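Engineer: Need the 3D shape of this:
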Amino acid sequence: MTASSTTTPARAVILAAGRGTRMKSAHPKAMQRLGNQPLVAHLLAAAQQVFDSITVIVGPEMAALEEAVQPHATTTQHERRGTGHAAAQAAPRFGAPPGQAVGDVMVLCADNPLMTAATMERALQARRQPGVSLVLVTMRPNVPGRYGRVILNKAGLVERIVEHADATAGERALTLCNAGSVCANGDDLARWLGALTPANAQGELYLTDVVAQAAQEGHVVHLEISEDEAMGINDRAQLAMAEAALQKRLRAAAMAGGATLVAPETVFLSADTQLGPDSVVEPNVFFGPGVVVEGGATIRAFSHLEGCTVGEGSVVGPYARLRPGTKCAPQSHVGNFVELKNTHLGQGSKANHLSYLGDADIGPGTNIGAGTVTCNYDGFGKHRTVIGQGAFVGSDSILVAPVRVGDGALVGAGSVITEDVPDEALALGRARQANRPGRAPLLRRRLAARAAQGKAPKSDKGSTKD
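Structural biologist: Residues are numbered from 1 along each chain as shown. This next block holds a predicted model:
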């Protein structure tokens with residue numbers, strides 16, 4: 001059950017104003033890529049399943065981040081005075097219109113992108129239990145490091161959080177750590193945030209300090225989740241660790257959905273990759289964003305796919321590249337060292353060897369020979385090549401767009417096609433071959449003599465003239 005199914009609204013606030021100094025990047029931390037999406041996109045995808053509204057706290061001059069989180073509301077934290085100060089920027093949105101109940105608010109951190117919708121739902125349900133004033137999300141990392149430590153009372157309820165910089169040696173020895181998220185009634189949270197003071201080593205307003213206030217007014221319970229789900233990202237090394245955790249999750253989900261990953265640890269998936277039932281992915285395959293592989297299709301080893309659709313029962317690779325805008329119809333074949341860009345390959349059609357097909361529409365049942373190239377760019381604009389159904393394009397052919405090869409047409413190997421080919425026609429666009437009987441021995445003798453004298457052969461091959 002999601003929060004939107006209840007009569008009490010639930011809101012999320014995502015803290016995303018951090019610059020990510022340790023990333024050493026020109027981009028905000030929330031815009032760093034994970035699973036080929038910004039960090040904040042993962043949290044938004046989960047939160048949208050649970051909350052009625054979402055507000056993202058951004059920093060000044062973060063236009064790209066504001067655009068990335070649309071259509072959700074944003075609020076700017078102009079002064080970076082800590083997590084408590086950041087959350088307080090959204091406090092005016094915590095309330096409810098007259099006559100409506102004030103709902104719960106959950107504060108999330110964009111640099112904890114792997115938190116699931118299930119955890120968010122559990123936090124809301126825990127908050128709604130009698131006597132619970134606040135829910136704190138916690139974890140027990142293998143190396144607690146600089147995480148804030150959670151202090152429990154004898155009843156197992158949370159008393160407070162102490163930041164690592166302010167903790168004693170005994171407190172740093174504790175293993176239960178703050179994972180960065182809290183959930184509370186909107187009015188209560190706004191009041192607690194308004195009472196924060198910078199009484200700490202950093203001189204900042206800590207979101208974690210609301211825990212002690214909440215403990216004075218009711219029960220503060222903690223919701224413990226796995227380290228992988230709670231993982232915080234502050235530098236490139238942690239980003240790589242989060243990527244590994246996400247890939248493990250994505251691969252498990254793909255296999256649970258009926259896809260076969262022959263060597264799962266070698267397959268890189270994007271967060272939005274869709275693999276249909278009975279699809280097979282061989283080792284060392286990369287899926288960029290926007291890929292759909294339908295049921296029964298096979299992606300063979302060392303292929304790279306991005307922004308494309310592979311139809312049911314199709315075969316791609318090995319060593320194939322499908323670029324954005326490509327659609328391979330069911331039962332089509334794309335073979336080794338073939339690149340397709342913004343190309344529609346018809347049902348049952350084949351491009352099995354060493355070809356580049358860009359900005360092309362290829363009808364069903366057509367065969368594209370080895371080494372075929374569609375010349376789609378003239379230096380100023382892109383143009384399309386249209387090849388009809390049941391056509392045959394011979395090996396090493398060049399199709400200069402815009403051009404059309406008709407249904408059932410044949411293009412002879414080695415042709416350069418610059419004009420439309422009618423249906424059922426045979427097109428030959430190559431120079432006539434000239435044979436010189438008996439001239440090969442003479443040419444070899446002349447070349448050998450030149451080599452012995454240290455001279456390079458003439459580029460005009462004049463020795464073949466009569």
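
Engineer: Burial check on Ala240, number of neighbours?
Structural biologist: 12 (other C-beta atoms under 10 Å). C-beta coordinates here come from the backbone N, C-alpha and C atoms, glycine included.

Engineer: so which helix or strand takes in it?
Structural biologist: helix 236-256 (DSSP states H and E).

Engineer: How about that helix, which residues are buried there?
Structural biologist: Leu239, Ala242, Glu243, Ala245, Leu246, Gln247, Arg249, Leu250, Arg251, Ala254 (16 or more other C-beta atoms under 10 Å).

Engineer: ok, and the closest non-adjacent residue to Gly288?
Structural biologist: With sequence-adjacent residues excluded and distances taken as C-beta to C-beta, 6 or more residues apart in numbering, Gly288 is closest to Glu306, at 3.0 Å.

Engineer: What distance do you get for that neighbour to Asp272?
Structural biologist: 11 Å (C-beta to C-beta, to the nearest Å).

Engineer: ranges for the helices of the stretch 1-150 of the chain?
Structural biologist: Applying DSSP state H, counting those that start in this stretch to the stretch 1-150 of the chain gives helices spanning 39-47, 63-68, 83-88, 117-127.

Engineer: how many other residues sit next to Ala431?
Structural biologist: Other residues close to Ala431 by other C-beta under 10 Å number 7.

Engineer: Tell me where the stretch 351-466 of the chain has helices.
Structural biologist: Using DSSP H, counting those that start in this stretch, helices in the stretch 351-466 of the chain cover 439-452.

Engineer: Now do the domain split for this structure, please.
Structural biologist: Using automatic domain parsing, the domains assigned to the chain come out as 3-230, 250-427.

Engineer: how much distance is there from the longest one to the middle of the chain?
Structural biologist: So that's domain 3-230. 24 Å (C-alpha atoms, centre = their mean, to the nearest Å).

Engineer: Average pLDDT for that domain, rounded please.
Structural biologist: For domain 3-230, the mean pLDDT works out to 92.

Engineer: How about the last one?
Structural biologist: The predicted model gives domain 250-427 an average pLDDT of 98.

Engineer: Now the terminal residues of it, how far apart.
Structural biologist: Distance across domain 250-427, first residue to last, is 49 Å (C-alpha to C-alpha, to the nearest Å).

Engineer: any idea which of the helices of the stretch 1-150 of the chain is most buried?
Structural biologist: helix 83-88 (a mean of 24; mean count of other C-beta atoms under 10 Å).

Engineer: Quick check: which helices or strands does that one pack against?
Structural biologist: strand 10-15, helix 186-194 (3 or more C-beta pairs under 8 Å, 6 or more residues apart in numbering; DSSP states H and E).

Engineer: Only alpha carbons, please: show it as CSV.
Structural biologist: Extracted C-alpha coordinates of helix 83-88, given in CSV (Å, rounded to 0.1, in the frame of the first residue of the first chain):
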residue,chain,number,x,y,z
THR,A,83,21.6,19.3,6.6
GLY,A,84,19.2,20.7,9.1
HIS,A,85,19.3,24.1,7.4
ALA,A,86,18.8,22.4,4.0
ALA,A,87,15.7,20.5,5.2
ALA,A,88,14.3,23.7,6.8
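
Engineer: Can you give the contact residues for that helix?
Structural biologist: 13, 15, 17, 57, 77, 79-80, 107, 109, 180, 189-190, 193-194, 196, 204-210 (C-beta atoms under 8 Å, 6 or more residues apart in numbering).

Engineer: I would like the residues contacting stretch 287-294, please.
Structural biologist: With C-beta under 8 Å, 6+ apart as the test, stretch 287-294 has contacts from 36-37, 259, 267-276, 279, 281, 299, 304-312, 314, 324, 330.

Engineer: ok, how many other residues are close to Leu176?
Structural biologist: 20.

Engineer: quick one: it and His222 touch, right?
Structural biologist: Yes: applying C-beta atoms under 8 Å, one finds Leu176 in contact with His222, separated by 7.4 Å.

Engineer: okay, and the common contacts of these two?
Structural biologist: Contact with both Leu176 and His222 is made by residues Thr138, Val150, Leu152, according to C-beta under 8 Å, 6+ apart.

Engineer: which ones are touching the last one?
Structural biologist: I take that to be Leu152. Val158, Glu159, Leu176, His222.

Engineer: Kindly provide the distance from it to Arg160.
Structural biologist: For Leu152 relative to Arg160 (C-beta to C-beta), the value is 10 Å.

Engineer: can you count the residues close to Ala101?
Structural biologist: 11.

Engineer: nearest spatial neighbour of it, skipping sequence neighbours?
Structural biologist: Nearest to Ala101 is Thr8, by C-beta to C-beta, 6+ apart, at 5.1 Å.

Engineer: cool, and Gln37?
Structural biologist: Here the residue nearest Gln37, using C-beta to C-beta, 6+ apart, is Ala271, at 4.9 Å.

Engineer: sorry, back to before: ramachandran angles for the residue nearest to Gly288?
Structural biologist: phi -160, psi 130 (degrees, to the nearest 10).

Engineer: Wait, it touches Leu322, no?
Structural biologist: Yes: counting by C-beta under 8 Å, Glu306 touches Leu322, with 7.0 Å between them.

Engineer: out of the two, which sits in the more crowded spot?
Structural biologist: Leu322 (28 against 19).

Engineer: how close does that one get to Thr343?
Structural biologist: Counting by C-beta to C-beta, the gap from Leu322 to Thr343 is 9 Å.

Engineer: With Gln70 instead?
Structural biologist: Distance, Gln70 to Thr343, using C-beta to C-beta: 31 Å.

Engineer: ditto for Ala254
Structural biologist: Applying C-beta to C-beta, the value for Ala254 to Thr343 is 26 Å.

Engineer: got it, and Asp407?
Structural biologist: Asp407 is 18 Å from Thr343, by C-beta to C-beta.

Engineer: just Thr260 next, same as before
Structural biologist: From Thr260 over to Thr343 (counting by C-beta to C-beta), the distance is 27 Å.

Engineer: And those two? Which one has more around it.
Structural biologist: Each of Thr260 and Thr343 has its neighbours counted (other C-beta under 10 Å); Thr343 has more, 26 against 15.
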